[in-house]
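Q: Build me a model:
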Amino acid sequence: MQLQNDDAIYPNISIAGTDVSGLTREQAISALNIHKYDERIAGVRVTLTLPDDSELTLTGADVGLRHDANEMVQRAHTIGRGRGLIQDVITYLQRLEADEVSFDIEFGLDAELLNEVVTAFTEDYNSRLSASGPEVYDDRVVFTKGAGRVSADTWLLCVLMYDSVFESLSNEKPVEIRYALPEVRGFEDDILALRNSVFIQVVSSEYDRDTNSATESITGVDFNPIAAAVLVGGIEPGETATFLLEYTEPEYTQEYLESLLFRDLLAERTTWAGGAPGRIGNIELACSSINELVLLPGEEFSFNETVGERTRERGFSIAPTLVQGELVPGIGGGICQVSSTIHAAIKPTALQITEAQKHGKPVAYLPWGWDATVDWGNIDFKFKNNTDYPIRIEVGLDERRLTARVYGTIVDGFPVPAPFEAGG
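A: All right, here's what the predicted structure looks like:
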């Protein structure tokens, strides 16, 4: 018969299916092979992956996972003891015929520690997700679906990790969790708002008459919102999609248009200006009104509108003028040589003369038919810029040499300047 100070466990007692009757605590621990429970805990591994591929990996030690085998051995050993010698002996005898008492080995973890770690990881992710607006780069846009609209459920992830720790323990293999955010509705509005923020209208450079230069050109930027919506619709909330930016170059960049403006000499003619100082003064005054005048494509030059009415108040002098074939004194006499020289310059070119009338008799400074008379309110000299680029008229007097030039841009052979030829 066992004595009270005997260290053996009483009869009919088992732990986790192992009969430990008659064993000392040390023998029971050995019989239970407690090391295998330690090894199972050491093998626990759970990995949580969020939509941005950030990972949280926890082992059994990270969450304080433990077993109670030692406690169960101690509890088995205390059955029937502690009530005095006689009662302990009676209990021992009773245990010989009594039903088996069975203890299970259970596992537990530090739930507070698990919640703390998972909560910190999830809140960090939610913070990044909330702040992850579209990232615009030189060639692309990276769009996070649901940013600012959805977030990871901290409580749910804590429960998932808790259950997965015990799943890994039970199956004795690692567990991987891929967490998906709730579905997002209305992301199309986010895409349209993004497009509005990156869209830049292409602007081609144009000639600015005020600055006499090419305006700034702008390269267009856009992306296809329909293709973007299809792409985002195929990914999970929290995942990213990349849209390639589409660049549209302007028809004319500022640098290119600057290189074209007034690049080519389209027309040129020089005539000899004779006569008294009053006539020369009239020619110079008319030249000053016309010189550096720019005509945009499609615009028409009118000599009368440009020079204006010839009056004494405007500085014009009395000088001989040809009227009905006769030279008579008149205000602004001599300015017909300016209109005629410009006419003679452009006559052999592709520039479109829309109104011109020769004098009633040949003039001394040009062959017959190459001149163009003007008379305020009656006769005008006009031509149109029928090219695709601005043209500039330069006309001036240098020691009685009156020269008219027209500068523009020759592209694909148009307009082709032609040499001066006598004749009408």
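Q: So residue 250 versus residue 136, what's the distance?
A: If you measure residue 250 against residue 136 using CB to CB, to the nearest Å, the figure is 21 Å. To be clear about C-beta, it is placed using only N, CA and C from the backbone, and glycine gets the same treatment.
Q: same question but for residue 260, I mixed them up
A: Remark: distance between residue 260 and residue 136 (CB to CB) = 33 Å.
Q: ok, residue 404 - contacts?
A: Residue 404 makes contact with 267-270, 338, 341-342, 344-345, 393-395 under the criterion CB atoms under 8 Å, 6 or more residues apart in numbering.
Q: give me the element it is part of.
A: Using DSSP states H and E, residue 404 sits within strand 401-408.
Q: Walk me through which strands that strand pairs with, and which way each runs.
A: Strand 401-408 sits in its sheet next to strand 264-272 (antiparallel), strand 391-398 (antiparallel), going by DSSP bridges.
Q: hang on, the earlier thing: and residue 260 and residue 136? Which one has more around it.
A: Higher neighbour count among residue 260 and residue 136: residue 260, with 19 against 16, using other CB atoms under 10 Å.
Q: Give me the below-cutoff pLDDT ranges for the stretch 151-300 of the chain.
A: Low-confidence segments of the stretch 151-300 of the chain, defined by pLDDT under 70, are absent.
Q: let's see it at 90
A: The stretch 151-300 of the chain contains residues with pLDDT under 90 at 183-187, 236, 238-240.
Q: Please enumerate the strands of the stretch 201-350 of the chain.
A: 207-208, 213-214, 220-222, 240-244, 246-248, 264-272, 293-295, 300-302, 318-323, 326-331 (DSSP state E, counting those that start in this stretch).
Q: count of neighbours near residue 70?
A: For residue 70, the number of neighbouring residues by other CB under 10 Å comes to 16.
Q: residues in contact with it?
A: Contacts of residue 70 were listed using CB under 8 Å, 6+ apart, and they are 29, 34.
Q: so which helix or strand takes in it?
A: Judged by DSSP H and E, residue 70 forms part of helix 69-78.
Q: Name the residues of that helix that are buried.
A: Neighbour-count burial for helix 69-78, counted by 16 or more other CB atoms under 10 Å, picks out 69-70, 72-73, 76-77.
Q: what about residue 378, how many residues close to it?
A: 9.
Q: And it, how close does it get to residue 304?
A: Residue 378 is 9 Å from residue 304, by CB to CB.
Q: Flag every buried residue along the strand holding residue 404.
A: Within strand 401-408, the residues that count as buried by 16+ other CB under 10 Å are 402-408.
Q: could you dump it to CSV, C-alpha only?
A: Coordinates of each C-alpha in strand 401-408 appear next as CSV, following Å, rounded to 0.1, in the frame of the first residue of the first chain:
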residue,chain,number,x,y,z
ARG,A,401,17.2,104.3,-102.5
LEU,A,402,13.7,103.1,-101.6
THR,A,403,13.7,99.4,-100.8
ALA,A,404,10.7,97.2,-100.0
ARG,A,405,11.2,93.7,-98.6
VAL,A,406,8.7,91.0,-97.5
TYR,A,407,9.8,88.3,-95.1
GLY,A,408,7.9,85.1,-94.4
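Q: what about the strands in the stretch 51-200 of the chain?
A: Counting by DSSP E, counting those that start in this stretch, the stretch 51-200 of the chain has strands at residues 55-59, 66-67, 101-103, 107-108, 135-136, 140-144, 175-178.
Q: Residue 13 is nearest to which of these?
A: strand 101-103 (4.9 Å; CB to CB).
Q: Remind me what the closest one packs against, helices and strands.
A: On a contact count with 3 or more CB pairs under 8 Å, 6 or more residues apart in numbering; DSSP states H and E, strand 101-103 meets strand 13-15, helix 69-78.
Q: strands paired with it, and their directions?
A: Its sheet considered, strand 101-103 pairs with strand 13-15 (parallel) by DSSP bridges.
Q: Outline the domain layout of the protein.
A: 13-164, 186-251, 262-408 (automatic domain parsing).
Q: quick one: which of those domains is nearest residue 416?
A: In terms of CB to CB, the element of the domains of the chain nearest to residue 416 is domain 262-408, at 6.1 Å.
Q: Mind listing residues that contact stretch 231-240?
A: Applying CB under 8 Å, 6+ apart, the set of residues contacting stretch 231-240 from outside is 50-52, 129, 142-146, 149-150, 152, 180-184, 187, 191, 241, 243.
Q: Pull out the buried residues from that stretch.
A: Within stretch 231-240, judged by 16+ other CB under 10 Å, the buried ones are 231-232, 235, 237-240.
Q: And stretch 344-354, by the same measure?
A: For stretch 344-354, burial by neighbour count (16+ other CB under 10 Å) applies to 344-351.
Q: any idea which of those is closest to residue 17?
A: Nearest to residue 17 among the buried residues of stretch 344-354 is residue 350, at 108.2 Å by CB to CB.
Q: Now stretch 376-392: average pLDDT?
A: The average pLDDT for stretch 376-392 rounds to 96.
Q: Residue 397 is in contact with residue 284, correct?
A: Yes: Residue 284 lies in contact with residue 397 (CB atoms under 8 Å); the separation is 5.5 Å.
Q: How far does stretch 402-419 sit from its chain's centre?
A: Chain-centre distance of stretch 402-419: 43 Å, with CA atoms, centre = their mean, to the nearest Å.
Q: again but with stretch 19-35, I slipped
A: Remark: stretch 19-35 is offset 70 Å from the chain centroid, using CA atoms, centre = their mean.
Q: Would you mind measuring the gap between the ends of it?
A: 18 Å (CA to CA, to the nearest Å).
Q: which residues sit against it?
A: Residues from elsewhere that reach stretch 19-35, judged by CB under 8 Å, 6+ apart: 7-16, 18, 67, 69-70, 73-74, 76-77, 105.
Q: swap the cut-off to 6 Å and go again
A: 7-9, 11, 13, 15, 18, 69, 73, 76-77 (CB atoms under 6 Å, 6 or more residues apart in numbering).
Q: Max pairwise distance over those: which two?
A: Greatest spatial distance among the contacts of stretch 19-35 (CB to CB): 11 and 69, at 20.7 Å.
Q: before we move on, back to that, can you tell which of the strands of the stretch 51-200 of the chain is closest to residue 203?
A: Residue 203 sits nearest to strand 135-136 of all these, at 20.0 Å, using CB to CB.
Q: Partner strands of that closest one, with direction?
A: Here strand 135-136 has these sheet partners by DSSP bridges: strand 140-144 (antiparallel).
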